[in-house]
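# quick one, fold the following:
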Amino acid sequence: MTFASLVASLASAFGADAAWNVCTELFGVRVSIDAGVRLRSQFQGPQQTEMSLTELRRMVSQGEATLIGSLVTRSISGIAAASWAGEEVRYPTDAESRGGPQNVGTSSWQPPAFPNFLFHNLIQQFIEVPWTFETRNTGLSLELEPTVSTDGKLIAFAMSVHNSSLEGFQKPFGSPARSEPKFCVRQTRTTFETTSGHWRLLNVTVLRKPSPSMEFYLFRATALPVPQ
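So this is what the prediction gives:
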């Protein structure tokens with residue numbers, strides 16, 4: 001079953017003809033392993049999830065946790081929506097090596113004074129001029145298509161959450177003058193049903209680099225009647 005056909009079946013089951021707006025909130029936080037293990041067992045129901053969310057917000061405000069992102073998206077039942085917050089990273093993907101003066105042997109070329117001539121040739125062996133670039137988005141992004149039940153109490157989702165961060169740069173083999181970016185990517189694609197207005201734990205991710213940590217992603221969707 002394709003993603004589009006799955007959305008269509010959800011719309012048919014939940015009555016997508018009803019006029020509903022949907023406000024979705026996504027909250028991502030990174031904590032230490034010890035704090036993550038302690039908090040993970042507390043997400044047992046709506047009330048416990050609300051209490052754990054309050055604890056995570058307190059930890060962020062006091063510097064005990066890192067806020068990954070907080071997205072608020074409004075959409076219409078049965079219509080796809082997307083939201084992204086982050087930075088664009090532009091980096092070279094190919095380069096041209098430049099070695100030595102290009103006009104050697106012509107009447108216009110004169111060798112520089114020693115030892116500048118040797119130094120110039122040595123440096124030129126390691127110079128690469130980038131000429132092809134790519135751009136990649138980092139940060140937290142959300143793609144979703146909600147389908148609200150006719151009474152507005154339940155919301156079914158086809159959803160994709162993507163978080164990408166730049167870890168640093170590494171030098172490819174045989175190219176000492178060029179660096180390539182290294183990304184860490186976390187992605188969740190899922191379909192689920194939730195009660196309107198309640199926070200729920202969407203995903204927990206364990207990271208080993210750059211330091212051991214756990215990431216919590218919490219989600220809330222609220223169905224709002226379209227004003228007549």
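
# could you use CA atoms for every contact and neighbour count after this?
Fine.

# now do the helices in the protein.
3-14, 33-40, 46-61, 116-124 (DSSP state H).

# just the mean pLDDT for the first one, thanks.
Model confidence over helix 3-14, given as mean pLDDT, is 49.

# equivalent analysis for the third one, please.
Rounded to a whole number, the mean pLDDT of helix 46-61 is 93.

# what's it packed up against?
strand 199-207 (3 or more C-alpha pairs under 8 Å, 6 or more residues apart in numbering; DSSP states H and E).

# what's opposite the nearest residue to residue 86 once chain neighbours are set aside in the beta bridge?
Distances taken as C-alpha to C-alpha, 6 or more residues apart in numbering place residue 139 nearest to residue 86, at 4.1 Å, with adjacent residues excluded. Taking DSSP bridges, one obtains residue 86, residue 164 as the residues bridged to residue 139.

# try residue 26
In beta-bridge terms (that is, DSSP bridges), residue 26 pairs with residue 71, residue 219.

# now swap in the one 4 residues further on and tell me
For residue 30, the beta-bridge assignment (DSSP bridges) gives partners residue 66, residue 215.

# roughly how far does residue 156 sit from residue 49?
20 Å (C-alpha to C-alpha, to the nearest Å).

# looking at these two, which is more packed in?
Taking neighbours as other C-alpha atoms under 10 Å, residue 156 and residue 49 compare with residue 156 leading, 24 against 20.
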